[in-house]
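> Predicted model, plus sequence, below.
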Amino acid sequence: MAEHAGPGTRSAVVDTPPQREVDVVVVGAGPAGSAAALEVARAGHSVVLLERGPFPGSKNVYGGVVYGRVLDELVPRWWEQMPVQRWVTRRSTMIMTPTQALTVDFRTQAWGGPPYNGATAHRCDLDGWLAGLATEAGATLVPSTVATGLLRDASGAVVGVRTDRPDGDLTAKVVIACDGVNSFLAKEAGMFVGKPTGHVTLGVKETLRLPRNVIDERFGVTGQHGVDIEILGCTRGIPGGGFLYTNLDSVSVGVVVDPHGLAAKKVRPEELVAELKRHPAIEPLVRGGELLEYSAHLIPEGGYDTMPELVTDGFLVAGDAAAMCLAAGIWLEGVNFAIGAGMYAGRAAADALAAKDTSKSGLASYQRMVDESFVLGDHRKLRRVPGLVLGQRMQQEYPAVLCDLAQGLFQVDNPRPKPGLLKLIRRVLKWHGVKTRDVLSDALTGVRSFG
Amino acid sequence: MSPGQSYGLQAFDDRMSTVDFDVAERPHITVDNDVCRSCQTTDCVYACPAKLFVPTSDGGILFNYEQCFECGTCYQVCSGENALSWTYPDGGHGVAFRKG
């Protein structure tokens, strides 16, 4: 067994321990892990929450918005205590070419008051708060500790984890792997066997300091209201997109790209961010911002078809480790899925402990709970959308088609009369070499998925 | 090195200086240059967000683990057989994001 966590880890086979040191070990104090530990602790079982970073959130980066509705099940009136930067009351989707931008901009005051919808937050604040809920409920948080592999008995059942602490083996009746996008523990347990691999995108982000009143003026918001903009067409045709969102006195801007696409275009990710920041639609929003932090993370964007098995003997997988990020164009979500999956994993572990059966069948209620909820419901319904959104036409052709359509509609070409819409569509499609048949096929996929 | 290149390097150092690291003594990722010298792709050079993979004149890769984001991009894009020995840093070490 390797003494460090990584793709090469192998399980240590141990004699079935007669007594386990704890009921549950949760690996990773992100949103999934803390939600899992919280539910196990609330059910009265002993639980250790391992975190490899010095504090929860220290290894985490995201694209900006936490959708809090799932927290209603965990924390009554969570909005009164969650560490929020701004409540998102403006959601924009921007489609751009180097010189054009077409934006659908939605604003509602309803999201600026209880029970709220989405919020921006820094992950060390958010993850620290969630981990705090778990420890208040009785979980033991152990930071600065890496789970370097699984302990398994002769039958293959998971009976604990090995850590990088001295005498670091920790036996448990259930291990819940919330160890993030690289999910070495789930891979080690064989949960990805037969699943397509490599469906990850790379997110890079700059957080830029700007005075609060400047952000309010530039983004047209007041109080603690904020804005989240998702952007398509800003990655030189490399599958991906961009984002810009407001914190209280900073903004975060970045891109998400297929890491395999960068070398072919001879461009580095931070250069794409720099291009986005220079774009005429973005530059006035971020101008003068002082770089507070540059960050990067992988995102499991492959969707439902790339998810691992979630349950085996003594072992559950939740959050990014189970590829539960939703990258479906108009919807980009992950933290909410992690919280939901962690919560159900924690409940399933508690139920299995109460029934004294932590085998795969004893833990199967986790699969049922995620199947019947938004956690897998949304992913199953939208399983074809990642392919559509990250596909060649959506990435390389549609942004320019849509921008040119808008320009054709709004440009006044007197003395020529206005073109008919259908004629304009045909002209723009032909100009960009896009076949009507492909557009209709993509539209059908979209309608079937989103409908 | 042209002035433009040196400016670019300086700017990237400034970018990385915004990130907190607790550097461990153990290099958690190492690169086998015998494999890299036979590799024609430059995926790691372009994709590593911390720009840790620097091509050398003999076709190898100069790699320094100290300012690594631990994201996993390099092991995702590397096509070289065992070119990378990849692990997470030991507990508490490595990157600590504050604005993630």
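Okay, I see it. Numbering: from 1, shown residues only, chains lettered A, B, ... in the order given.
> Hmm, residue A:61 is touching residue A:298, no?
No: the pair residue A:61 / residue A:298 is not scored as a contact, 9.4 Å apart, by C-beta atoms under 8 Å. In this view, the C-beta of every residue, glycine as well, is placed from N, C-alpha and C.
> How about the residue in chain B that chain A sits nearest to, nearest residue that isn't a chain neighbour?
Chain A sits closest to residue B:92 of chain B, with a gap of 3.0 Å, by C-beta to the nearest C-beta. Nearest residue to residue B:92, sequence neighbours excluded (C-beta to C-beta, 6 or more residues apart in numbering or on different chains): residue A:144, at 3.0 Å.
> who touches both of residue A:61 and residue A:298?
Residues within reach of residue A:61 and of residue A:298 at once, by C-beta atoms under 8 Å, 6 or more residues apart in numbering or on different chains, are residue A:203.
> Give me the neighbour count for the residue lying closest to residue A:145 once chain neighbours are set aside.
The spatially closest residue to residue A:145, leaving aside those adjacent along the chain, is residue B:91, at 4.3 Å (C-beta to C-beta, 6+ apart). By other C-beta atoms under 10 Å in any protein chain shown, 24 other residues sit near residue B:91.
> for residue A:450, same thing?
Around residue A:450 there are 13 residues (other C-beta under 10 Å).
> Below-threshold pLDDT in chain B: ranges please.
Residue ranges of chain B with pLDDT under 70: B:1-9.
> Just the strands from it, written as ranges.
Along chain B, counting by DSSP state E, strands occupy B:20-22, B:29-31, B:53-55, B:61-63, B:84-86, B:94-96.
> could I get these as CSV with distance to chain A and mean neighbour count?
Formatted as CSV, these follow (distance: least, C-beta to the nearest C-beta, whole Å; neighbours: other C-beta atoms under 10 Å in any protein chain shown):
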stretch, distance to chain A, mean neighbour count
strand B:20-22, 7, 14
strand B:29-31, 9, 19
strand B:53-55, 11, 16
strand B:61-63, 13, 18
strand B:84-86, 5, 20
strand B:94-96, 4, 22
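> Quick one: closest of these to residue A:400.
strand B:53-55 (32.8 Å; C-beta to C-beta).
> contacting residues around that closest one?
With contact meaning C-beta under 8 Å, 6+ apart, strand B:53-55 is reached by B:31, B:42, B:44-45, B:61-63, B:74.
> re earlier: tally of neighbours for the residue of chain B closest to chain A?
Residues lying near residue B:92 (other C-beta under 10 Å) number 19.
> Likewise for residue A:140?
Per other C-beta under 10 Å, the neighbour tally for residue A:140 reads 14.
> Can you read off the pLDDT for it?
On pLDDT, residue A:140 comes in at 98.
> Tell me who's in contact with it.
A:46-49.
> go again using 10 Å as the cut-off
Contact analysis of residue A:140 by C-beta atoms under 10 Å, 6 or more residues apart in numbering or on different chains lists A:22, A:37, A:41, A:46-50, A:134.
> Please report which of those residues has the highest neighbour count.
When neighbours are taken as other C-beta under 10 Å, the top entry among these is residue A:37 (35 neighbours).
> helices or strands next to the helix or strand where that one lies in the packing?
If you go by DSSP states H and E, residue A:37 is part of helix A:31-42. Under the contact criterion of 3 or more C-beta pairs under 10 Å, 6 or more residues apart in numbering or on different chains; DSSP states H and E, helix A:31-42 touches strand A:22-27, strand A:47-50, helix A:123-136, strand A:140-142, strand A:169-177, helix A:335-354.
> can you dump the C-alpha coordinates of it into PDB?
Provided in PDB are the C-alpha atoms of helix A:31-42 (Å, rounded to 0.1, in the frame of the first residue of the first chain):
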ATOM      1  CA  PRO A  31     -20.000  20.100   1.700                       C
ATOM      2  CA  ALA A  32     -20.700  16.400   1.100                       C
ATOM      3  CA  GLY A  33     -18.500  15.200   3.900                       C
ATOM      4  CA  SER A  34     -19.800  17.700   6.500                       C
ATOM      5  CA  ALA A  35     -23.500  17.000   5.600                       C
ATOM      6  CA  ALA A  36     -22.800  13.200   5.900                       C
ATOM      7  CA  ALA A  37     -21.000  13.600   9.300                       C
ATOM      8  CA  LEU A  38     -23.800  15.900  10.500                       C
ATOM      9  CA  GLU A  39     -26.500  13.300   9.800                       C
ATOM     10  CA  VAL A  40     -24.500  10.500  11.300                       C
ATOM     11  CA  ALA A  41     -23.700  12.500  14.500                       C
ATOM     12  CA  ARG A  42     -27.300  13.600  14.800                       C
END
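> what's the angle from that helix to strand A:22-27?
170 degrees (axes from the mean of the first three to the mean of the last three C-alpha atoms, to 10 degrees).
> And helix A:31-42, what's buried?
Neighbour counts over helix A:31-42 (16 or more other C-beta atoms under 10 Å in any protein chain shown) mark A:31-42 as buried.
> re earlier: the residue of chain B closest to chain A contacts residue B:22, correct?
Yes: taking contacts as C-beta atoms under 10 Å, residue B:92 lies within contact range of residue B:22: 6.6 Å.
> Find the residues that touch each one of the two.
Joint contacts of residue B:92 and residue B:22 (C-beta under 10 Å, 6+ apart) are A:53-54, A:58, A:144.
> Could you say which of those is surrounded by the most neighbours?
If you rank the shared contacts of residue B:92 and residue B:22 by neighbour count (other C-beta under 10 Å), residue A:53 sits at the top with 29 neighbours.
> which ones are touching residue A:318?
Taking C-beta under 10 Å, 6+ apart, we find residue A:318 in contact with A:26, A:28, A:30-33, A:35-36, A:176-179, A:186, A:310, A:324, A:337-346, A:348, A:366, A:370, A:375.
> Tell me how far it lies from chain B.
19 Å (C-beta to the nearest C-beta, to the nearest Å).
> excluding its backbone neighbours, what's nearest that residue?
The shortest distance from residue A:318 to any non-neighbouring residue, by C-beta to C-beta, 6+ apart, is to residue A:341 (3.9 Å).
> what about the one you found, neighbour count?
Residue A:341 has 32 neighbours, counted by other C-beta under 10 Å.
> Closest residue of the stretch 351-451 of chain A to chain B?
Proximity of the stretch 351-451 of chain A to chain B (C-beta to the nearest C-beta) peaks at residue A:390, 15.2 Å away.
> OK, contacts around residue B:72?
Counting by C-beta under 10 Å, 6+ apart, residue B:72 makes contact with A:6-7, A:180-184, A:200, A:202, A:259, A:297-298, B:86, B:88.
> same thing but 7 Å
A:181-182, A:298 (C-beta atoms under 7 Å, 6 or more residues apart in numbering or on different chains).
> same check, this time on residue A:427
Applying C-beta under 7 Å, 6+ apart to residue A:427 gives no contacts.
> got a markdown table for the shared contacts of residue B:92 and residue B:22, with secondary structure and distance to residue A:84 too?
As requested, the shared contacts of residue B:92 and residue B:22 are exported to a markdown table (DSSP: H, G, I helix; E, B strand; the rest coil; distance: C-beta to C-beta, whole Å):
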| residue | secondary structure | distance to residue A:84 |
| --- | --- | --- |
| A:53 | coil | 22 |
| A:54 | coil | 23 |
| A:58 | coil | 19 |
| A:144 | coil | 27 |
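> Okay then, goodbye and thanks.
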